[in-house]
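Trainee: One predicted model, sequence on top.
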Amino acid sequence: MRRRQPGLSVYLFLFTVCSYAVAQAAVAATTTVYPTGAFPLDVQNVQAAIDQGGTVILKATNVSGQPTAFNFGPADIAVAGGVSLSTDVSIIGETVHGHMTTISGGFNSIFCASPVKSRIQGIDFEGSLDSPIALIRSTGADIVGNRIRGIVPLLLFFGATEIEGIFVSGFDDPLNAVTGRINITGNTIEISGGDFVNGMQFDEVAADINVSGNTVNFLSSDGEVQTIGILVFRAHGQVALVNNHVTMGNGDPFAFPSGVFVGGHAEAQYTLAANTVVTNHPQADGMDIIAFPSSGATQGALVLGNHVSTHSATTFNGGIVFEGAVEDSVMAGNLIDGTGGNAVQILGFDPADIADSNLAIGNDISHFASLAGDVFFGPESTNNVYIGRCNTFTDQGTGNRILCGKPLAAAAPSNLLAPAATVQAPAVAGAAGANRALPGIVSRGDEIYAARAQALQLRLTR
């Protein structure tokens, strides 16, 4: 019997399969880089590997097996090195006998200004200038299991210094610069110093954002312009902050820290769940969900099952705060303890930015020592509801309902849990809104953006 030969379609199929396999093999190429401890050689070696794409393994030891850091140069804007991402790449560190792959120094040590996908995992960043990981363009990124410490403040042209543990921003092209999905998981960040300081910042990001299982520890909260643990501002997609641990230490008496600060753009969907926030600064808020004129409204935010522990000494700070044009949002099942002005605050920013139709329900504030009433509904707040237990409240809004406690004027000035020495007189009308310091990203945004653009231009021309 005559054997039938394969037809043209079979050959074409085999050719396609083989071509695909070859292409996949090329994409999946792995390059290994050993540290030398010499600058700029380490930067050059890592950059050459990254430019090939695929997976880049950064070793924790040199070729002789000795723990060695990749030397990215001194923390000097005129000298320090850094690598730039221009193709899809995964940069993976390792831990050998307790020694973690380390990158020492650098200015924006890993920087992405190209529309590529990236993964940065398992690296210890020590002593970077400004920010060790900075993405201003991306089609998706995973930043997983890294450690960031000892960031050196960058002096901006208007005289303030900046620190960003992880910086992701599409501020130059909000709807197109950062797309896909940004996943920030299991990182540890330690920070002190600086005037404009964020443990993590996400601003004008179109991508969906997941920030989960991270630890942010401010050893000292010193930023007089801004001090925020995790900041997500003017997002355009789904934002989930889940199971993070943020601690804001004491520090500069003129700082106004916030553990978590999110809000802006009505299309964004913010969910804050199962996070732990501890503030030890006397002028700190625990969590701020905001909407200011520069950001647009915040709608449908969910703040669920968080533990906020504040140790503030002022009457205008809050455990969990809805401020500005925050609408149709829910604050439920949170545990708020410690000391502060109010456990819960809902207030507008101005007559054009009204906090409307929000619900606070089932929050446990039984171990919170309020200095100005347990619940504060401030000016420009309308149709908000508080359901749960409270002893005292202030309502300066319209159409609000607080289904617990007594108006502050008719009740004791403070929760009995407060030590006698710390009890202050009740806040005057409007104190929460009038005394709260605006973060720099709102009050000095133009200066900060211009200064950052100037610094990034220096980085891009290297």
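Mentor: Nice, thanks for sending it over. Note that this is a predicted model, so its numbers are computed, not measured.
Trainee: Work out for me the element Asp446 sits within.
Mentor: Using DSSP states H and E, Asp446 sits within helix 445-460.
Trainee: I would like the residues contacting stretch 167-177, please.
Mentor: 131, 133-138, 141, 178, 182, 198, 200-206, 209, 234, 236, 449, 453 (CB atoms under 8 Å, 6 or more residues apart in numbering). C-beta: built from backbone N, CA, C; applies to glycine.
Trainee: And those, which of them are buried?
Mentor: Neighbour-count burial (16 or more other CB atoms under 10 Å) is assigned, among the contacts of stretch 167-177, to 131, 133-138, 141, 178, 182, 198, 200-206, 209, 234, 236.
Trainee: so of those, which ones are in strands?
Mentor: 133-137, 141, 182, 198, 200-203, 209 (DSSP state E).
Trainee: Now do Ile120 against Ile50, distance only.
Mentor: Going from Ile120 to Ile50 by CB to CB, to the nearest Å gives 11 Å.
Trainee: The two: which is more packed in?
Mentor: Ile120 (27 against 23; other CB atoms under 10 Å).
Trainee: outside of stretch 246-254, which residues touch it?
Mentor: In contact with stretch 246-254 (CB under 8 Å, 6+ apart) are residues 192, 199, 215-224, 227, 229-230, 257-260, 275-284.
Trainee: Selection in ChimeraX covering whichever of those residues are buried, please.
Mentor: Only the buried entries of the contacts of stretch 246-254 go into this ChimeraX selection, using 16+ other CB under 10 Å:
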select :192,199,215,216,217,218,220,221,222,223,224,227,229,230,257,258,259,260,275,276,277,278,279,280,281,282,283,284
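Trainee: Quick check: what element follows the lowest-mean-pLDDT helix or strand in the chain along the chain?
Mentor: One helix or strand of the chain scores below all others by mean pLDDT, DSSP states H and E: helix 8-27, with a mean of 46. Past helix 8-27, heading to the C-terminal end, the next element that is a helix or strand (DSSP H and E) is strand 30-33.
Trainee: Any buried residues in that following strand, and which?
Mentor: 31, 33.
Trainee: which other helices and strands contact that strand?
Mentor: helix 41-50, strand 54-58 (3 or more CB pairs under 8 Å, 6 or more residues apart in numbering; DSSP states H and E).
Trainee: Within the sheet, what are the partner strands of it, with directions?
Mentor: strand 54-58 (parallel) (DSSP bridges).
Trainee: what lines up beside the very next helix or strand once past the strand it pairs with in the sheet?
Mentor: Remark: after strand 54-58, the chain's next helix or strand is strand 70-71, criterion DSSP H and E. Looking at strand 70-71 with DSSP bridges, its partner strands are strand 102-104 (parallel).
Trainee: now the partner strand, how far from the chain's geometric center?
Mentor: The chain centre lies 22 Å from the centre of strand 102-104; the measure is CA atoms, centre = their mean, to the nearest Å.
Trainee: Let's see whichever helix or strand comes after that strand as CSV, backbone CA atoms only.
Mentor: As assigned by DSSP H and E, the chain's next helix or strand after strand 102-104 is strand 110-113. Extracted in CSV, the C-alpha atoms of strand 110-113 (Å, rounded to 0.1, in the frame of the first residue of the first chain):
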residue,chain,number,x,y,z
ILE,A,110,15.5,50.3,39.3
PHE,A,111,13.6,52.7,37.0
CYS,A,112,11.0,52.1,34.3
ALA,A,113,10.0,54.8,31.8
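Trainee: buried residues in strand 110-113?
Mentor: 110-113.
Trainee: Show me what that strand packs onto, helices and strands only.
Mentor: Counting by 3+ CB pairs under 8 Å, 6+ apart, strand 110-113 packs on strand 83-85, strand 133-137, helix 445-460.
Trainee: any idea of the mean pLDDT for the last one?
Mentor: If you average the pLDDT over helix 445-460, you get 69.
Trainee: The second one too?
Mentor: Per-region confidence: strand 133-137 scores 97 on mean pLDDT.
Trainee: Please work out which residues outside that strand touch it.
Mentor: So strand 133-137 is contacted by 108-115, 118, 120, 125, 141, 143, 146, 148, 164-173, 177-178, 182, 456 (CB under 8 Å, 6+ apart).
Trainee: shared neighbours of Ile120 and Ile50, anything?
Mentor: Counting by CB under 8 Å, 6+ apart, the shared contacts of Ile120 and Ile50 are Ile91.
Trainee: For Ala78, grab the count of nearby residues.
Mentor: Neighbours around Ala78, by other CB under 10 Å: 7.
Trainee: residues contacting it?
Mentor: No contacts exist for Ala78 under CB under 8 Å, 6+ apart.
Trainee: Dump the helices and strands packed on strand 30-33 into TSV; add distance to Gly296 as well.
Mentor: Formatted as TSV, the helices and strands packed on strand 30-33 follow (distance: least, CB to CB, whole Å):
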stretch	distance to Gly296
helix 41-50	37
strand 54-58	39
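Trainee: Please convert the ones you listed to JSON lines, extending it with mean pLDDT and distance to Gly397.
Mentor: Putting the helices and strands packed on strand 30-33 into JSON lines (pLDDT from 0 to 100; distance: least, CB to CB, whole Å) gives the following:
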{"stretch": "helix 41-50", "mean pLDDT": "98", "distance to Gly397": "54"}
{"stretch": "strand 54-58", "mean pLDDT": "98", "distance to Gly397": "55"}
